[in-house]
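**Q** Return a 3D structure for these sequence lines:
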Amino acid sequence: MIYALDSNIISYILKEDERVIKRFEKEIIHDGYLYVIPPVAVYELKRWLMEYKSRTYLAVAQSFDILYQSVRDYAIMSAPAWEKAAEIYLLLKQKGELIGDADILIAAYCLVNDYILVTENIKHFKRVEGLNLINWKE
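**A** Sure thing, here's the model as predicted:
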């Protein structure tokens, strides 16, 4: 089982949210499950960190990158993922339930790689059929 961590979950880790950190420690460190950060989520996080230039958050983010550098091997948006993203967009548009492009790309990345998306944004992502979701903030 591999978890894909949405940017909102990573931001909770950087903000040292007790509930999310406990869940991360249980699932990843104790139980040994793998995790990845979708490429679009990396972009969202980097943008947020650069915008706010918080030394505390930047220091935590750098520690996070160093400790878990091996996850970066998974952060590639493949051709099938781009194709799946276009399909998701069309299906959601036809239903009148469109979500943001970043969320569509994250969903497609998770679907083609069979990852479980860890996010607090269940409301939007549940519109994507077949996407496995979990909320560590609950």
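
**Q** can you map out the helices along this structure?
**A** Secondary structure of the chain (DSSP state H): helices located at 7-14, 18-24, 39-52, 55-67, 79-95, 101-113, 122-125.

**Q** so which of the ones you listed comes closest to G32?
**A** helix 18-24 (12.6 Å; C-beta to C-beta). C-beta: built from backbone N, CA, C; applies to glycine.

**Q** Please state the offset of the closest one from the chain centre?
**A** 15 Å (C-alpha atoms, centre = their mean, to the nearest Å).

**Q** Repeat that for stretch 113-124.
**A** Relative to the chain's own centre, stretch 113-124 is displaced by 7 Å; criterion: C-alpha atoms, centre = their mean.

**Q** again with stretch 107-120
**A** That offset, for stretch 107-120, works out to 7 Å (C-alpha atoms, centre = their mean).

**Q** So what would you say the end-to-end distance of that stretch is?
**A** In stretch 107-120, first residue to last residue: 14 Å (C-alpha to C-alpha, to the nearest Å).

**Q** repeat for stretch 130-138
**A** With C-alpha to C-alpha applied, stretch 130-138 spans 21 Å between its terminal residues.

**Q** if we can go back for a sec, now mean neighbour count, distance to Y33 and mean pLDDT too, for the helices of the chain, in JSON lines please.
**A** Formatted as JSON lines, the helices of the chain follow (neighbours: other C-beta atoms under 10 Å; distance: least, C-beta to C-beta, whole Å; pLDDT from 0 to 100):
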{"stretch": "helix 7-14", "mean neighbour count": "21", "distance to Y33": "14", "mean pLDDT": "86"}
{"stretch": "helix 18-24", "mean neighbour count": "15", "distance to Y33": "10", "mean pLDDT": "93"}
{"stretch": "helix 39-52", "mean neighbour count": "16", "distance to Y33": "17", "mean pLDDT": "77"}
{"stretch": "helix 55-67", "mean neighbour count": "13", "distance to Y33": "16", "mean pLDDT": "58"}
{"stretch": "helix 79-95", "mean neighbour count": "14", "distance to Y33": "21", "mean pLDDT": "97"}
{"stretch": "helix 101-113", "mean neighbour count": "22", "distance to Y33": "14", "mean pLDDT": "96"}
{"stretch": "helix 122-125", "mean neighbour count": "15", "distance to Y33": "19", "mean pLDDT": "95"}
